[in-house]
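Chemist: My questions concern the predicted model and sequence given below.
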Amino acid sequence: MMLSADTLPNTVEELRDLLLEREARNRERIEFLEERVRFLQQALFGRKSEKRPVDEEGPRQLHLFNEAEALVAEESEKPPVVIPEHTRRRPKRKALPPELPRIEVIHDIPEAEKVCGCGEVLCRIGEEVSEKLDIVPAKVRVIRNIRPKYACKKCQGLETEGLTVKIAPPPPEIIPKGIATPGLLAYIAVAKYVDALPLYRQEKIFARSGIELSRSTMAGWMVKVAEACGPIMELLRKELLSGPLINADETPVQVLDEPGRLNTSLSYMWVFRGGPPEKPVILYRYSPTRSGEIPREMLRGYTGYCQTDAFSAYDALETAEPGIRLVGCFTHTRRNFVDVVNARGKSKNPITGSAEVALDYIRKLYVIEKAAREGGLTPEQIQAFRQPKAEPILEEFKAWMGRRMSQTPPKGLLGKALNYALSNWSKLIRYLEDGHITPDNNAVENAIRPFAVGRKNWLFAGHPNGAHAAATLFSLIETAKACGLDPYRYLRLLFERLPFCQNETDLKALLPQSMTPEKIDLLVVNL
């Protein structure tokens, strides 16, 4: 409210109360702005790790205020751990893989030295062997496809109509009438989508071997290969919906030549992880928008749990698909409280505030989760193990946040962190219902990381066709890796066999879920 002669208080007491109220508001505003400055400085210049100084049993610095006393009383009573003296051993070098080919080089003494001083010829009593790793740069070769022609000698010199020349038909190819073999296509795809090598760098690498392959040619090959893999992608989507849990996330990507949009506009790469838990499916989906229509389309007909962050685009899933139950992510919840701690700056005081109390509650939940996951339990046993242990901590955590929320400015970082957790509480605690679910959405965040790493190198996609091709090839590669397959060997086999597929049964046999490394080694040719 602006002060004027008409609005000024008439008494000294009223004026004092007005000034005190304004001072309190200004102090709160200053604290809020200082917190934002520290948060932005931390985001720009601070360490990105969210790890806190804790060990397996508890925090190294105990909280000494409010509810934290009860929270850490148990840890404070534990006796100190004494580590006995020991001699550190030099770690052994890991043996080189036995499947690598070996070339033996003999380093022998001269023949003259093989005679003892007494005149007796020395006999060989053993040998010392040391192995060293050698590498030869990628071997480039040309596959010559020769198709003999046949004709009748008797009819060749006669004037007969329709002289028959017989020749074998060309074998089906994923890119007909081109120079690219399945091995070359798989090599380019793995170099770009696994090793994050942009096509212009690959162009230079090929040039050093005397091969002219332009980046535009390689980009066209990737688009054609992705289009040919469309039927495989549809089967992978069905596999995605077959499991008890789907994790979903999205990340921005820039596409330059998007029709009707500026080059600076952001598009999005959506990622979904689900299917059989032992051989999961990871599907990428490109979209120029962040609309909730994408997850609704991808998960149409799905029944089970879907774990996401609190992005509003996922909220309509439960309404659109009654069989879906949304699950929240404690990593995002924890991240908000870490931001509060980081925004406070350096301090010699070990008491770091209410955010540390929240982090301690979350840490206790993960201690329980770690014990459950490392015990070799089935999903049903995990659910039975953690629920009675985690529920009391969650109830206490929620009660503490409810009390703290009433004492915290809602616009501050702590207020936002508390509001995020409380507003999503029903989804956050839903992980207790099923042992397949973890407290966080890290599985899909790990699946999206290869795309984020590649994006730092190639920065953007030139055209939507390239973005769609990237989504397809990332899906095939990351799913193969999740199923324990070497991505190059899998793609090479897929590109060799896909043109021969006649029906859905043939296509299903090429899914990563149908493959093993041993099976690929038996099937792939010319390797």
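Modeler: Nice, thanks for sending it over.
Chemist: For the stretch 401-527 of the chain, which residues score under the pLDDT cut-off?
Modeler: Where the stretch 401-527 of the chain drops to pLDDT under 70, the residues are 458-460, 525-527.
Chemist: Wait, a helix at P322?
Modeler: No - secondary structure of P322 (DSSP: H, G, I helix; E, B strand; the rest coil): coil, not part of a helix.
Chemist: for the closest residue to C152 other than its chain neighbours, what are its contacts?
Modeler: Nearest residue to C152, sequence neighbours excluded (CB to CB, 6 or more residues apart in numbering): T164, at 7.0 Å. C-betas here are computed from N, CA, C, even on glycine. By CB atoms under 8 Å, 6 or more residues apart in numbering, the contact list for T164 reads A151, C152, C155.
Chemist: Name the helix or strand of the protein that has the lowest mean pLDDT.
Modeler: helix 68-76 (a mean of 44; mean pLDDT, DSSP states H and E).
Chemist: ok, residues contacting the next helix or strand after that helix?
Modeler: Next helix or strand after helix 68-76 toward the C-terminus (DSSP states H and E): strand 149-151. Residues from elsewhere that reach strand 149-151, judged by CB under 8 Å, 6+ apart: L163, T164, V165, K166, I167.
Chemist: try stretch 441-460
Modeler: By CB under 8 Å, 6+ apart, the residues outside stretch 441-460 that reach it are 192-194, 196-199, 247-249, 251, 253-256, 269, 271-273, 282, 284, 307-309, 329, 331-332, 470, 474, 477-478, 482.
Chemist: Could you rerun that using 6 Å?
Modeler: When contacts are defined by CB atoms under 6 Å, 6 or more residues apart in numbering, stretch 441-460 is touched by residues 196, 198, 247, 249, 251, 254, 256, 269, 271, 273, 282, 307, 329, 331, 474, 478.
Chemist: related to what we said a few turns ago, may I ask which two of the contacts of strand 149-151 are separated the most?
Modeler: Pairwise distances across the contacts of strand 149-151 peak at 13.1 Å for L163 and I167 (criterion: CB to CB).
Chemist: Tell me the buried residues in stretch 319-334?
Modeler: By neighbour count on 16 or more other CB atoms under 10 Å, the buried set for stretch 319-334 is E321, I324, R325, L326, V327, G328, C329, F330, T331, H332, T333, R334.
Chemist: and those residues, which of them are in strands?
Modeler: Mapping these onto strands (DSSP state E) picks out I324, R325, L326, V327.
Chemist: now, which of those sits nearest A138?
Modeler: Checking these against A138 with CB to CB, the nearest one is V327 at 44.3 Å.
Chemist: sorry, back to before: now distance to A343 and pLDDT too, for the ones in strands among the buried residues of stretch 319-334, in JSON lines please.
Modeler: Output for those, formatted as JSON lines (distance: CB to CB, whole Å; pLDDT from 0 to 100):
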{"residue": "I324", "distance to A343": "36", "pLDDT": "93"}
{"residue": "R325", "distance to A343": "34", "pLDDT": "94"}
{"residue": "L326", "distance to A343": "29", "pLDDT": "94"}
{"residue": "V327", "distance to A343": "28", "pLDDT": "94"}
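Chemist: buried set for stretch 293-304?
Modeler: I294, P295, R296, M298, L299, Y302, G304.
Chemist: which residues are in contact with that stretch?
Modeler: The contact list for stretch 293-304, computed with CB under 6 Å, 6+ apart, reads L241, P244, A248, W270, F272, S287, Y314, L317, A320, G323.
Chemist: about what we covered before: from the contacts of strand 149-151, keep the buried residues only.
Modeler: Among the contacts of strand 149-151, not one is classed as buried by 16+ other CB under 10 Å.
Chemist: so of the residues you listed, which ones are in strands?
Modeler: Judged by DSSP E, strands contain the following of these: V165, K166, I167.
Chemist: what about stretch 178-186, start to end distance?
Modeler: For stretch 178-186, the first-to-last residue distance is 15 Å (CA to CA, to the nearest Å).
Chemist: Offset the numbering so it begins at 59, please.
Modeler: Will do, 59 is the new start, and the previous item becomes stretch 236-244.
Chemist: I would like the residues contacting that stretch, please.
Modeler: By CB under 6 Å, 6+ apart, stretch 236-244 touches I201, W279, V283, Y546, L549, R550, F553, E554.
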